[in-house]
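S.K.: here is my input; please provide its structure:
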Amino acid sequence: MRILALSGSLRAASSNTAVLKAAALLAPAGVEVRLYDGMANLPHYNPDLDDTVDAARVPPIAQDLRASVQAADALLIACPEYAHGVPGVLKNALDWLVSGVEFPGKRVALINASPRAHHAQDALREILVTMSADLVEAACVALPLLNTTLDAPAIAADPVLAGPLKGALAALAAT
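M.R.: You can find the predicted model right below:
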């Protein structure tokens with residue numbers, strides 16, 4: 001099973017990105033978690049470039065995002081909350097997926113690295129449901145990473161964090 005991980009944060013020391021990298025370390029046999037690394041390079045979504053007749057008009061990096069989503073069996077999304085909302089970089093990536101055929105019905109799990117921040121998670125759920133995601137509730141977890149500086153190996157080594165993350169991966173991988 002191939003899981004594509006999307007981080008809603010561009011910060012170099014992002015706890016959201018760290019938890020996705022930890023998921024890759026904790027993935028059970030037969031499950032590959034790959035972090036999508038093109039978020040910072042996606043241009044602002046422009047419907048004039050999202051041409052369903054002439055795909056060559058779609059920027060190559062957006063084509064790559066769509067191909068990565070198409071190749072994945074599921075998505076794992078970790079998203080910070082900025083001003084009670086979804087960060088623009090993640091919303092922009094999702095906008096590039098709205099008109100494509102790659103996303104509808106895709107299994108999706110959400111990781112919340114700051115359990116007290118729920119506005120972005122609520123908004124993200126609304127966006128994903130509107131986009132016809134198959135939101136796997138048993139794979140959606142909140143991890144207490146607020147005000148920590150743990151990197152991926154430290155998260156993977158911490159049983160309090162690794163246990164729920166392993167459970168989320170198992171639930172997402174279950175058919």
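S.K.: what about the protein, any weak spots by pLDDT?
M.R.: 52-53, 175 (pLDDT under 70).
S.K.: all helices for this protein, in order.
M.R.: For the chain, applying DSSP state H gives helices covering 15-26, 60-71, 88-98, 119-130, 152-157, 159-173.
S.K.: using a markdown table, lay out those together with distance to Glu137 and mean neighbour count.
M.R.: In this view, the C-beta of every residue, glycine as well, is placed from N, C-alpha and C. What follows is these, written out as a markdown table (distance: least, C-beta to C-beta, whole Å; neighbours: other C-beta atoms under 10 Å):
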| stretch | distance to Glu137 | mean neighbour count |
| --- | --- | --- |
| helix 15-26 | 17 | 24 |
| helix 60-71 | 21 | 16 |
| helix 88-98 | 19 | 19 |
| helix 119-130 | 10 | 16 |
| helix 152-157 | 22 | 17 |
| helix 159-173 | 8 | 17 |
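S.K.: could you dump these to TSV with distance to Cys140?
M.R.: Compiled in TSV, the helices of the chain are given as follows (distance: least, C-beta to C-beta, whole Å):
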stretch	distance to Cys140
helix 15-26	13
helix 60-71	19
helix 88-98	16
helix 119-130	8
helix 152-157	17
helix 159-173	7
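S.K.: of those, which is nearest Met39?
M.R.: helix 88-98 (5.3 Å; C-beta to C-beta).
S.K.: by contact count, what packs against that closest one?
M.R.: Contacts defined by 3 or more C-beta pairs under 8 Å, 6 or more residues apart in numbering; DSSP states H and E place helix 88-98 against strand 2-7, helix 60-71, helix 119-130.
S.K.: recalculate using a threshold of 10 Å.
M.R.: The contact analysis (3 or more C-beta pairs under 10 Å, 6 or more residues apart in numbering; DSSP states H and E) places helix 88-98 against strand 2-7, helix 60-71, strand 74-78, helix 119-130.
S.K.: can you list these in JSON lines and add distance to Asp50?
M.R.: What follows is these, written out as JSON lines (distance: least, C-beta to C-beta, whole Å):
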{"stretch": "strand 2-7", "distance to Asp50": "19"}
{"stretch": "helix 60-71", "distance to Asp50": "8"}
{"stretch": "strand 74-78", "distance to Asp50": "20"}
{"stretch": "helix 119-130", "distance to Asp50": "17"}
